[in-house]
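Chemist: sequence unknown, structure follows:
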């Protein structure tokens, strides 16, 4: 039967079955730990991660790739706090049913938890920790998102192609924001550009008028935003209200439809890179988007897609690492050999030494209230 409603409803029942324990009896349970901010300022991201992880695991269990084995996800709320992340890491490390963990959201919490996982030898795969230092903690850390060391210069090169020579940077004051600012600046100055000012703001800031006024005095050709959509929406509205007309580029963290909903017309013209195209016609992407919509009655975004891929990459490593007999060591070793994984955020390969992912990005611009792909040079 090809009825989309039936397929979506069936998938919804599968996820409900998984989360409520109503799945068929299995010979053995293999667990994945997932730490994410399920409450607090970044709870919306944790919700996206949990949705996609449940979707991926439900599909996996239904596929019977591991007969007689049920995979389950154990979620813990880090609240976006490094201390909570460390406590969760210790809890997951003590749970011998867990053969691998996913998370956290921010680089700060991921790194703090990662130091525990390094000591207890638990493979950790983050869907969003892009700070260069994350995978340097130990051989047990992996990520399936491109780092700012790649994305920053990539975006800087795009800005350079527009003819801009003077750039201002506005970044959130945390490990990720500092890395994003540094890497964009590195790429931009390498191309002969000049960073006229770099302004950091504390998490939770919603009044950017003082920063915008300071930037306007520098008369930059372009402004680069290393922000999340809540910050970004407020910034976009205020910079347009103050009459600053410099073109705006942003980090992939701004790839969120709610940014456009909150910022309204002020978001028009914003340009940013992404690894996920919601409107892609590639079969596995279409399947993921359709099922996510049917399950959760909302659109997935780049963050949700990253979590879906991270979960499926870890599930694949569990299969390759022995399935029912998988150990933390065998799963880590299987992760290290991940090559050409066909995810919804593109093909992912981990460098066997650095564990850094090889991926591609797409350029987007906000036009008429939508993120639209931008044609790139041949």
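Modeler: Done, it's in. Computed from a prediction, not measured in an experiment: that's the story for all the values here.
Chemist: C-alpha only now, for contacts and for neighbours.
Modeler: Will do.
Chemist: low-confidence regions, the stretch 101-250 of the chain specifically.
Modeler: Scanning the stretch 101-250 of the chain for pLDDT under 70 picks out no residues.
Chemist: where along it do the helices fall?
Modeler: 107-120, 148-161, 175-190, 209-218, 229-241 (DSSP state H, counting those that start in this stretch).
Chemist: for residue 277, which of the ones you listed is the nearest?
Modeler: helix 148-161 (16.5 Å; C-alpha to C-alpha).
Chemist: surely residue 212 and residue 239 touch.
Modeler: Yes: Residue 212 lies in contact with residue 239 (C-alpha atoms under 8 Å); the separation is 6.3 Å.
Chemist: okay, the helices of the stretch 101-250 of the chain in TSV with distance to residue 96 and mean neighbour count next?
Modeler: Formatted as TSV, these follow (distance: least, C-alpha to C-alpha, whole Å; neighbours: other C-alpha atoms under 10 Å):
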stretch	distance to residue 96	mean neighbour count
helix 107-120	11	22
helix 148-161	34	21
helix 175-190	31	22
helix 209-218	49	14
helix 229-241	37	20
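Chemist: which one of those lies closest to residue 373?
Modeler: That would be helix 148-161 among those, by C-alpha to C-alpha, at 13.6 Å.
Chemist: now do the closest one against helix 175-190, angle only.
Modeler: For helix 148-161 against helix 175-190, the angle by axes from the mean of the first three to the mean of the last three C-alpha atoms, to 10 degrees is 40 degrees.
Chemist: tell me which other helices or strands helix 148-161 touches.
Modeler: The helices and strands touching helix 148-161, judged by 3 or more C-alpha pairs under 8 Å, 6 or more residues apart in numbering; DSSP states H and E, are helix 175-190, strand 271-274.
Chemist: just put these in a markdown table and tack on distance to residue 370.
Modeler: Converted to a markdown table, these look like this (distance: least, C-alpha to C-alpha, whole Å):
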| stretch | distance to residue 370 |
| --- | --- |
| helix 175-190 | 24 |
| strand 271-274 | 11 |
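Chemist: out of those, which is closest to residue 51?
Modeler: Nearest to residue 51, of all those, is strand 271-274, at 20.2 Å by C-alpha to C-alpha.
Chemist: I'd like the next helix or strand past the closest one.
Modeler: helix 283-296 (DSSP states H and E).
Chemist: and that following helix, what's buried?
Modeler: 285, 286, 288, 289, 290, 291, 292, 294, 295 (16 or more other C-alpha atoms under 10 Å).
Chemist: make a markdown table from those and add pLDDT and distance to residue 226 to it.
Modeler: Compiled in a markdown table, these are given as follows (pLDDT from 0 to 100; distance: C-alpha to C-alpha, whole Å):
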| residue | pLDDT | distance to residue 226 |
| --- | --- | --- |
| 285 | 95 | 27 |
| 286 | 96 | 29 |
| 288 | 98 | 28 |
| 289 | 97 | 27 |
| 290 | 97 | 30 |
| 291 | 97 | 31 |
| 292 | 98 | 28 |
| 294 | 97 | 32 |
| 295 | 97 | 31 |
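Chemist: kind regards, and thank you for your time.
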